[in-house]
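>>> what shape does this take:
(chains A, B and C)
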Amino acid sequence: MHINSPKFKANVTHALADTRLQKALDFTRPSFAGRRGAAVANLPEFEQLRDIGRDIKNHTLAHLDFYLETWAANVEKAGGHVHWCSTADEARAAVLKICQDAGARTVTKGKSMISEELGINEHLEKHGIAPVETDLGEYILQIRDEGPSHIIAPAFHLNREDWEESFRKVHTDLPADRVFNERRDILTEARTRLREKFLAADVGITGANFLIAETGSSVIVTNEGNGDLTQTLPKVHIALASIEKVVPTLEDATSLLRLLARSATGQDFSVYTTFSTGARRQHDLDGPGEYHVVLIDNGRSNMLGTEFQEMLRCIRCAACMNHCPVYFTVGGHSYGWVYPGPMGSVLTPSLIGVDKAGHLPNASTFCGKCESVCPVKIPLPKLMRHWREREFERHLSPQSSRTNLALWAWFARRPGFYRLATRIGAAILGRLGRRKGRFQWLPFASGWTDGRDLPAPEGETFFARYAREQREKNS
Amino acid sequence: MPNTKPRVALFVTCLVDLHRPSVGFAAIKLLEQAGCHVEVPRAQTCCGQPAYNSGDRATARELCRGLLDAFGGYDYVVVPSGSCGGMLREHMPHLFDDDPNTSARADALAARTYELVSFLTDVMGVKSVDAAYAGTVTYHDSCAGLRELGIKAQPRALLASVDGLKLTELADAEVCCGFGGTFCVKYPEISVRMVSDKTKSIAATGADTLLAGDMGCLLNMAGRLKREGSPVKTRHVAEVLAGITGDLPPIGEGRG
Amino acid sequence: MSKHIILGAIRRGLRRGPLPEDQAMALRARMTAHPRHLIPARSRVPRPEQIALFLRNIEKEFGTFTRVPDLAAIPAAIADYLAAQNLPTDFAMAPHPELAAIPWSERPLLTQRPGRAQSTDLVSLQHGYAAIAETGTLMLPAAPERPTTLNLLSDTFMVVLRASRIVGAYEEAWDLLRAESHDERSGGFMPRNVMLVTGPSRSADIESTLELGAHGPRRLHVLLVDDDPTALA
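So this is what the prediction gives:
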């Protein structure tokens, strides 16, 4: 996927001016938080489960090599194939080769963020294979040639008119008098079209929410059932999974599943949670004849042993973005790549480089809401701060802010000078602002005063007044 | 209560020192009313949070080291800010994780540091204050105080004892106001949109006064309210609890 | 090649070589024991309440149910349900011996077609392997007698479930599978596919508003056979 993260500020300006986007954000915001809140309130053990989820992931990451090898051996025992890919190039090539070996012309796809990360669709298209996204949200985005703006609700920024307009553009046989007054009409149209695609596809590609070492299974979680149709009907199923998806046992996966849907959509459990293990068995009447897992590293192993290792616990529930006031101000596209919101602000610099994604960890107020809802307790603000430290060390932060910081720090280290400087500053500003109590404009302060007044200081600093009062008391 | 009064060092904070010294005096008054002996160590400047959150760990560490000296030997360190309090309690000790000589002192300081209002209720057992305020107020829960220090019930409990004061809760009281330290000037467009959401919620309460426990958030919200021409008055919660609002104009309002 | 590159990178990150054998043994023992973690209290209740919890959750997730005393009562219950929904009376049916043993001839107007589902099927009938009260979830492991397509392709999805197969938590359902299933190919217990189904298919992708029947069934109807005397309140 094309990287737009360096243009974060321009993206934000654009997003703030997009009234349709702002309407969608305002409409969705309370329901995301409300649904999770209700589901959590309904499960008294939820906080304990968060600790358990964190511990399961930590245990697995500490033994990641062992569990991956165990998992891979079990996949092969069940007749599946594992393709180890350390780079995006290798993963794209592996997927293409499986499709070509199957003589594939069309490929259906379940929703997969790692597919976006790797750019699977573009690669298949380049080689004459037609990928069809089957998640409703991803389907409309594919028609519109847009990236997802959210990791579990990829098209929530679009409204009914957008859907109708896009359908009319590509479903050229649609009668002009066909109505799309209701969401149901849109759904029926998409369902009908996609049902044909499911039946025609030669290969189905899904992501994976978990891999289970004990059984060699891959797990997908959906509500629509598109992932299941994708992996059940074609003759070949390819699951794309990154290395941190593995957990040891079904019981471990089960505990994480108790957290996942509640954190994501506020459901107690998603509609379809499906465990796939190998290919069709001897007397089965349906299911794919081949089962492949393309296992992808693509930068993740570099995070092990660093301060960013904790990010590998992420189960992609989107609770962090669903509760992020910055996300709901700027929308997902502003972040400029696959993963938006707080989790993206930590993960994206790891995957594409902090030189390109430097804005992301800075565009946070550190309000801490994301960490408080994360089902596996990733300290997201802390990790964003670590990125700021890397930027500071590598002199990637803007020179102006470095200079200001250095100047301020020079004074703050010297209480005497600091008192003098603040005393003079407060006195001047206090005098100037005494009558109105605020400034509408000040030199070098447009970042503040473009959108708000700057309240004026009282005029005498605390320390000046305190010293004066102490003197008066003693004399 | 033992007869010896606890020795409390007031950590004034940069914004109170520079901008709203009356909050510091309100804090002294409240602490003394609660039975503390209050001192204000002169060697203090800043908790280092601006440097810390800008990725400049070395400067943050150096400033915190200064505080370890300034605040040594007191029973408690009390600060009229959840944000600076959170910095000292939750973050500062980790700056010295790799420095065993300093680490123990840092941990000890963190354990003795409290945000003002929660110190009054949770440590000094204050149940009510001697103050009056004629008006309807609403309260914004600043992020660090709320999520790092668990401050939520304490200010509400004390405000309930203020004569004449009525509290109406703010919808989304726990949602960030968009201040975020240097964030507010690095990403002003986002920050202004966030604080505009906040002022909408404030207006919807019908309250005439907005209170919070952190000067950063207060300057941000007051600045936006005034830019919008809102009549809502903005004050630090300590001003109301200490009953010093009579001769002190609200934040962002002049003397004439 | 890449396998070694990835494993090497992981070990470099973890600052160690391949896991020493004693540690690997401990991890294998953990997998063999597959310890349970915390199980929420909501399903730790007496049998009748467990069944009631399951049925409440089925309805919460937009499913419906009919409770029947035995398998012989299934044809009438299905006939009534299909008539009430104004649905056709022919359906694809799992080729499972328990379903085959149902006295279908008592309702000659119902037509069953045993086998996998086709895209043209409007109604399907599946055999419920087990169910989980905690969230009203059906466990449907793939098998020759339980084809997966039946769960997905029809518009109306019916499941025959015996009350004795309702357990409290997912972990108990896994235990059933571990005890009862053996796969010759893998030597393990996992069939090709295990679907945990909680309610009918749905999507909120259009304007963040829930619509049922996205790609899979729009209706889920459970026919609960009361074969468990301890489950009757």
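>>> near chain B, anything from stretch A:396-414?
Yes - using C-beta under 8 Å from any C-beta of the partner chain, we find that stretch A:396-414 touches chain B at A:397, A:401, A:405, A:408-409, A:411-413. Quick note: C-beta positions are derived from backbone N, CA and C, even for glycine.
>>> flag every buried residue along the helix or strand hosting A:Ala406.
A:Ala406 is located in helix A:399-412, with elements delineated by DSSP states H and E. For helix A:399-412, a neighbour-count test (16 or more other C-beta atoms under 10 Å in any protein chain shown) marks A:404-405, A:408-409, A:411-412 as buried.
>>> repeat for stretch C:50-63
C:50-51, C:53-55, C:57-58, C:61-63.
>>> ok, and what's touching it?
Stretch C:50-63 is touched from outside by A:267-268, A:271, C:42-43, C:45, C:64-65, C:67, C:131-137, C:163, C:166-168, C:198-200, C:202, C:212, C:219-222, C:224, C:228, C:231, C:233, with contacts defined as C-beta atoms under 8 Å, 6 or more residues apart in numbering or on different chains.
>>> repeat that for stretch C:108-124.
By C-beta under 8 Å, 6+ apart, the residues outside stretch C:108-124 that reach it are A:195, A:198-199, A:285-286, C:75, C:78-79, C:82, C:87-95, C:99-100, C:104, C:125, C:147, C:149-158, C:217.
>>> just the ones of these in helices?
Among the contacts of stretch C:108-124, the residues falling in helices (DSSP state H) are A:195, A:198-199, C:75, C:78-79, C:82, C:99-100.
>>> could the residues you listed go into TSV alongside neighbour count and distance to chain B?
What follows is the ones in helices among the contacts of stretch C:108-124, written out as TSV (neighbours: other C-beta atoms under 10 Å in any protein chain shown; distance: C-beta to the nearest C-beta, whole Å):
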residue	neighbour count	distance to chain B
A:Arg195	16	42
A:Phe198	22	41
A:Leu199	14	46
C:Pro75	20	55
C:Ile78	26	50
C:Ala79	15	52
C:Leu82	21	48
C:Leu99	20	53
C:Ala100	14	58
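>>> need these in a markdown table (columns: pLDDT).
Listed next are the ones in helices among the contacts of stretch C:108-124 as a markdown table, based on pLDDT from 0 to 100:
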| residue | pLDDT |
| --- | --- |
| A:Arg195 | 95 |
| A:Phe198 | 96 |
| A:Leu199 | 95 |
| C:Pro75 | 98 |
| C:Ile78 | 98 |
| C:Ala79 | 97 |
| C:Leu82 | 98 |
| C:Leu99 | 98 |
| C:Ala100 | 97 |
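>>> so what's the residue in chain C positioned nearest to chain B closest to, chain neighbours aside?
The nearest approach of chain C to chain B comes at C:Arg15, 17.3 Å away (C-beta to the nearest C-beta). Nearest non-adjacent residue to C:Arg15, counting by C-beta to C-beta, 6 or more residues apart in numbering or on different chains: A:Gly305, 5.9 Å away.
>>> next one: B:Leu241
Setting aside the residues directly before and after it, B:Leu241 is nearest to B:Val129 in space (C-beta to C-beta, 6+ apart), at 4.8 Å.
>>> ok, now which ones touch the most centrally placed residue in chain C?
Central residue of chain C (C-alpha atoms, centre = their mean): C:Met139, 2.1 Å from the mean position. Contacts for C:Met139 (C-beta under 8 Å, 6+ apart) come out as C:128-132, C:173, C:176-177, C:194-196.
>>> which one is it nearest to, not counting chain neighbours?
Nearest non-adjacent residue to C:Met139 (C-beta to C-beta, 6+ apart): C:Ala130, at 4.4 Å.
>>> quick check: that neighbour touching C:Ala173?
Yes - contact criterion C-beta atoms under 8 Å: C:Ala130 and C:Ala173 qualify, at 4.8 Å.
>>> anything in contact with each of those two?
In contact with both C:Ala130 and C:Ala173: C:139, C:167, using C-beta under 8 Å, 6+ apart.
>>> where are the low-confidence patches of the stretch 151-256 of chain B?
Where the stretch 151-256 of chain B drops to pLDDT under 70, the residues are B:256.
>>> now do the strands in the stretch 51-200 of chain B.
For the stretch 51-200 of chain B, applying DSSP state E, counting those that start in this stretch gives strands covering B:76-79, B:113-115, B:132-139, B:163-167.
>>> please identify the deepest-packed of those.
The highest average neighbour count among these, using mean count of other C-beta atoms under 10 Å in any protein chain shown, belongs to strand B:113-115 at a mean of 27.
>>> chain center to it, what's the gap?
10 Å (C-alpha atoms, centre = their mean, to the nearest Å).
>>> do it and chain A meet?
No - using C-beta under 8 Å from any C-beta, strand B:113-115 stays clear of chain A, coming no nearer than 15.1 Å.
>>> with stretch B:56-75 instead?
Yes - using C-beta under 8 Å from any C-beta, stretch B:56-75 comes into contact with chain A via B:56-57, B:59, B:62-63, B:66.
>>> show residues contacting that stretch.
A:389, A:392, A:405, A:409, A:412-413, A:415, B:6-9, B:11, B:39, B:41-49, B:51-52, B:77, B:88, B:92, B:95-96, B:102, B:105-106, B:109, B:112-113.
>>> and the buried ones among the residues you listed, selectable in PyMOL?
Filtering the contacts of stretch B:56-75 down to the buried ones (16+ other C-beta under 10 Å) takes a single PyMOL command:
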select buried, (chain A and resi 389+392+405+409+412+413+415) or (chain B and resi 6+8+9+11+41+44+45+46+47+48+49+51+52+77+88+92+95+96+102+105+106+109+112+113)
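>>> show me which residues of stretch A:329-349 are buried.
Buried residues in stretch A:329-349, counted by 16+ other C-beta under 10 Å: A:329-349.
>>> tell me where the stretch 51-200 of chain B has helices.
For the stretch 51-200 of chain B, the helices defined by DSSP state H, counting those that start in this stretch occupy B:57-70, B:82-86, B:100-112, B:116-118, B:143, B:149, B:153-159, B:183-186, B:188-205.
>>> I'd like the next helix or strand past the last one.
Heading C-terminal from helix B:188-205, the first helix or strand you meet, by DSSP H and E, is strand B:209-212.
>>> show me what that next one is packed against.
Other helices and strands packing on strand B:209-212, by 3 or more C-beta pairs under 8 Å, 6 or more residues apart in numbering or on different chains; DSSP states H and E, are strand B:132-139, helix B:215-227, strand B:233-236, helix B:237-241.
>>> burial count for the residue nearest to A:Ser345 when sequence neighbours are not counted?
Excluding its sequence neighbours, the residue lying closest to A:Ser345 (C-beta to C-beta, 6+ apart) is A:Leu360, at 4.0 Å. Applying other C-beta atoms under 10 Å in any protein chain shown, we find 28 residues neighbouring A:Leu360.
>>> pLDDT on the helix or strand hosting A:Leu360, on average?
Taking DSSP H and E as the criterion, A:Leu360 maps to helix A:359-362. Averaged across helix A:359-362, pLDDT comes to 98.
>>> name the SS class of the residue nearest to C:Arg15, please.
Following DSSP: H, G, I helix; E, B strand; the rest coil, A:Gly305 is assigned to coil.
>>> which neighbouring residues are in contact with it, exactly?
C:12-15.
>>> go again with 10 Å.
C:10-16 (C-beta atoms under 10 Å, 6 or more residues apart in numbering or on different chains).
>>> what's the answer for C:Thr135, then?
Listed by C-beta under 10 Å, 6+ apart, the contact partners of C:Thr135 are A:257-258, A:261, A:267-270, A:273, C:40, C:42-43, C:53-54, C:57-58, C:60-61, C:169-170, C:196, C:198-199.
>>> inside strands: which ones of those?
Per DSSP state E, strands hold the following members of these: A:273, C:196.
>>> write the ChimeraX selection for whichever of the contacts of C:Thr135 are buried.
Command for ChimeraX that selects the buried part of those, burial taken from 16+ other C-beta under 10 Å:
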select /A:257,258,261,267,268,269,270,273 /C:40,42,43,53,54,57,58,61,169,170,196,198,199
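>>> got a list of what the spatially closest residue to A:His59 that is not a sequence neighbour touches?
Nearest non-adjacent residue to A:His59, counting by C-beta to C-beta, 6+ apart: A:Pro248, 7.5 Å away. Residues counted as contacts of A:Pro248 (C-beta under 10 Å, 6+ apart) are A:56, A:59-60, A:63, A:66-67, A:70-71, A:212-214, C:27-28, C:30-31, C:34-35.
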